[in-house]
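> fold the following, please.
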Amino acid sequence: MSSKRILPIIVFSQFCCTSLWFVGNGIMEDLMSNFNLNTSALGHLTSAVQFGFILGTFLFALFTITDRFSPSRVFFFSAIIAAVFNVMMVYGGHSIISLFVVRFLTGFFLAGIYPVGMKIASDYYREGLGKSLGFLVGALVLGTAFPHFLNGLETVLPWKLVVYITFGLAVLGGVLILVFIPNGPYRKLASKLDFSVLYKVFKAPNFRGAAFGYFGHMWELYTFWAFIPVLLAAYMKVHNTMSYSVSILSFIIIGVGAFACVVSGYLSQIFGAKKIAFSALALSCLCCLLSPFFFMINNEFLFIGFLVFWGMVVIADSPLFSSLVAQNTISEYKGTALTIVNSIGFAITIVSIQVFNVLINMVNVKYLFIILAVGPFLGLIALYNKRKIKTIS
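Residues are numbered from 1 along each chain as shown. Next comes the predicted model:
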């Protein structure tokens with residue numbers, strides 16, 4: 001199959017499968033009302049997916065799964081199993097504990113989807129990897145935002161149907177990868193199981209610089225996504241603005257990041273991945289610091305415009321960090337390197353989300369998002385200190 005057709009299939013499959021990620025957030029109000037959950041369920045169930053993903057990526061990396069086995073088969077089986085655990089939300093009288101377990105297991109097998117999709121792309125595209133991963137992460141963004149869109153159609157789509165739709169999409173995505181995407185021409189098979197790879201990859205200074213920049217980015221990203229509905233609802237309450245659909249706006253604010261990923265991928269071919277990643281990270285850090293100012297302005301169009309811009313810059317650097325990580329590691333362990341960096345990055349999101357979960361009842365929401373600036377600031381330092389990071393576009 002032509003490489004021009006390979007990328008659209010990977011991108012579409014990634015979108016289909018990552019729609020499982022935030023489906024719990026998209027239907028959170030329905031879960032809370034149907035299963036008598038309290039307001040802390042948002043943070044706990046979001047963290048459940050992240051925690052499952054962290055453990056999954058750690059074990060996938062530890063056993064070098066994607067470097068020793070066919071990435072397409074790993075993607076397929078992970079998609080099917082994650083879809084099955086996802087659909088279990090609609091069955092039985094759940095408690096917060098059982099929902100946590102179901103979402104945790106969904107997250108665990110998402111470890112075989114998101115980083116594996118990037119591994120598959122890197123096996124097909126050596127030049128222009130930043131652009132290719134821009135499309136791929138854009139698909140992740142749309143998949144993440146999609147449940148909010150479906151939930152915004154609640155007068156048409158019951159919450160259980162939202163779960164069934166994401167189940168079907170995930171199965172479709174897994175099948176497409178298995179049937180149409182063989183192993184890529186640049187794939188290098190790892191010859192043996194090597195547990196030491198997990199720390200060997202971090203010995204390279206260039207790899208560490210790219211990875212630490214990514215870690216700072218991750219402190220902000222998923223907490224911003226998870227608490228966007230809370231911020232919108234708070235703004236509407238404080239300013240007594242006209243009612244708007246929090247779900248649809250959340251979809252727009254998160255989903256516009258897909259466009260930003262594609263644009264940043266193309267820009268990286270002109271200016272280099274590191275420079276564009278640094279610029280996006282700096283802008284998202286600035287948004288964190290300016291968030292109280294825009295929250296206090298009684299102009300919902302200006303506020304929403306600010307959040308849309310933030311939704312773009314908060315994710316625009318993500319594919320570029322993944323590209324820098326892939327380009328600055330050992331070829332035969334590229335999949336493991338991407339996976340362990342994902343694992344650590346998502347572990348950081350757990351801390352960030354739980355910090356928010358605690359502080360949301362202690363700090364005025366308009367000041368809360370300043371805390372997110374810590375991650376981008378540290379990430380900028382890591383990038384600034386590593387001037388020689390390899391940046392093949």
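> sec struct for Leu329, please.
One correction, residue 329 is Thr, not Leu. coil (DSSP: H, G, I helix; E, B strand; the rest coil).
> which non-adjacent residue is nearest it?
Nearest residue to Thr329, sequence neighbours excluded (CB to CB, 6 or more residues apart in numbering): Ala337, at 3.9 Å. (C-beta placed from N, C-alpha, C; glycine too.)
> Val102 too?
Counting by CB to CB, 6+ apart, the residue nearest Val102 is Met88, at 5.0 Å.
> with Thr39 instead?
Thr39's closest residue in space is Met32 (CB to CB, 6+ apart), at 7.7 Å.
> burial count for the one you found?
The tally of other residues near Met32 (other CB atoms under 10 Å) stands at 16.
> same question for the one 5 residues further on.
Applying other CB under 10 Å, we find 19 residues neighbouring Leu37.
> could you do the one 3 residues further on as well?
Burial of Ser40, expressed as a neighbour count using other CB under 10 Å, amounts to 13.
> kindly report the same for the one 10 residues further on.
When neighbours are defined as other CB under 10 Å, Gln50 has 28 of them.
> sticking with it, tell me its helix or strand.
helix 41-62 (DSSP states H and E).
> kindly export the helix or strand following that helix (C-alpha atoms) in PDB.
Downstream of helix 41-62, the first helix or strand assigned by DSSP H and E is helix 65-68. Provided in PDB are the C-alpha atoms of helix 65-68 (Å, rounded to 0.1, in the frame of the first residue of the first chain):
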ATOM      1  CA  ILE A  65       6.300  -5.300  23.600                       C
ATOM      2  CA  THR A  66       6.100  -3.000  20.600                       C
ATOM      3  CA  ASP A  67       9.800  -3.500  19.600                       C
ATOM      4  CA  ARG A  68       9.600  -7.400  19.800                       C
END
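> packing partners of helix 65-68?
Here helix 65-68 is seen to pack against helix 114-124, helix 334-359 when contacts are counted using 3 or more CB pairs under 8 Å, 6 or more residues apart in numbering; DSSP states H and E.
> to His44, which of those lies closest?
helix 334-359 (7.4 Å; CB to CB).
> quick one on the thing from earlier: tell me which other helices or strands the helix holding Gln50 touches.
Using 3+ CB pairs under 8 Å, 6+ apart, helix 41-62 sits against helix 23-26, helix 28-35, helix 96-110, helix 114-124, helix 197-200, helix 205-239, helix 334-359.
> pLDDT (mean, whole number) over it?
The pLDDT scores in helix 41-62 average 84.
> buried residues, that helix. List them.
41-58, 60-62 (16 or more other CB atoms under 10 Å).
> give me the below-cutoff pLDDT ranges for the stretch 201-350 of the chain.
242-243 (pLDDT under 70).
> against Phe212, how distant is Met218?
Note on Met218: its distance to Phe212, by CB to CB, to the nearest Å, is 11 Å.
> who's more crowded, the two?
Neighbour totals were compared for Met218 and Phe212, and Met218 leads with 24 against 21 (other CB under 10 Å).
> roughly how far does that one sit from Gly117?
Using CB to CB, which is the criterion applied here, Met218 is 17 Å from Gly117.
> buried ones in stretch 202-214?
202, 204, 206-214.
> ok, now which ones touch the closest residue to Gly345 other than its chain neighbours?
Distances taken as CB to CB, 6+ apart place Met218 nearest to Gly345, at 3.9 Å, with adjacent residues excluded. Met218 makes contact with 345-346, 348-349, 352, 375 under the criterion CB atoms under 8 Å, 6 or more residues apart in numbering.
> how far off centre is stretch 77-94?
Distance, stretch centre to chain centre, for stretch 77-94: 20 Å (CA atoms, centre = their mean, to the nearest Å).
> for it, list every residue counted as buried.
78-83, 85-90, 94.
> what's next to that stretch, contact-wise?
13, 17, 20, 23-24, 31, 35, 98-99, 102-103, 105-106, 108-113, 116, 160, 163-164, 166-167, 170-171, 173-174, 177.
> let me see the mean pLDDT of that stretch.
For stretch 77-94, the per-residue pLDDT averages 91.
> backbone dihedrals for the residue of the chain most remote from its centre, please?
The outermost residue of the chain, judged against the average C-alpha position, is Asn240 (32.1 Å), by CA atoms, centre = their mean. Here is the backbone geometry of Asn240 (degrees, to the nearest 10): phi 50, psi 50.
> so it versus Met296, what's the distance?
14 Å.
> likewise for Gly112?
Plainly put, Gly112 is 44 Å away from Met296 if you go by CB to CB.
> give me the more crowded residue out of the two.
Between Gly112 and Met296, Gly112 has the larger neighbour count (other CB under 10 Å), namely 28 against 12.
> where does the more buried one sit: helix, strand or coil?
Gly112 falls in the coil class when you classify it by three-state DSSP.
> averaged pLDDT, stretch 356-364. What do you get?
The model assigns stretch 356-364 a mean pLDDT of 86.
> that one: end-to-end distance?
11 Å (CA to CA, to the nearest Å).
> what are the buried residues along that stretch?
Applying 16+ other CB under 10 Å to stretch 356-364 flags 356-357, 360 as buried.
> stretch 257-274 now?
257-262, 264-265, 267-269, 272-274.
> check stretch 367-384 too.
Under 16+ other CB under 10 Å, the buried positions of stretch 367-384 are 368-369, 371-380, 382-383.
> which one of the residues you listed is nearest Tyr124?
Leu383 (27.0 Å).
> that closest one - nearest residue in space that isn't next to it in sequence?
Using CB to CB, 6+ apart and skipping the chain neighbours, the partner closest in space to Leu383 is Gly213 (4.4 Å).
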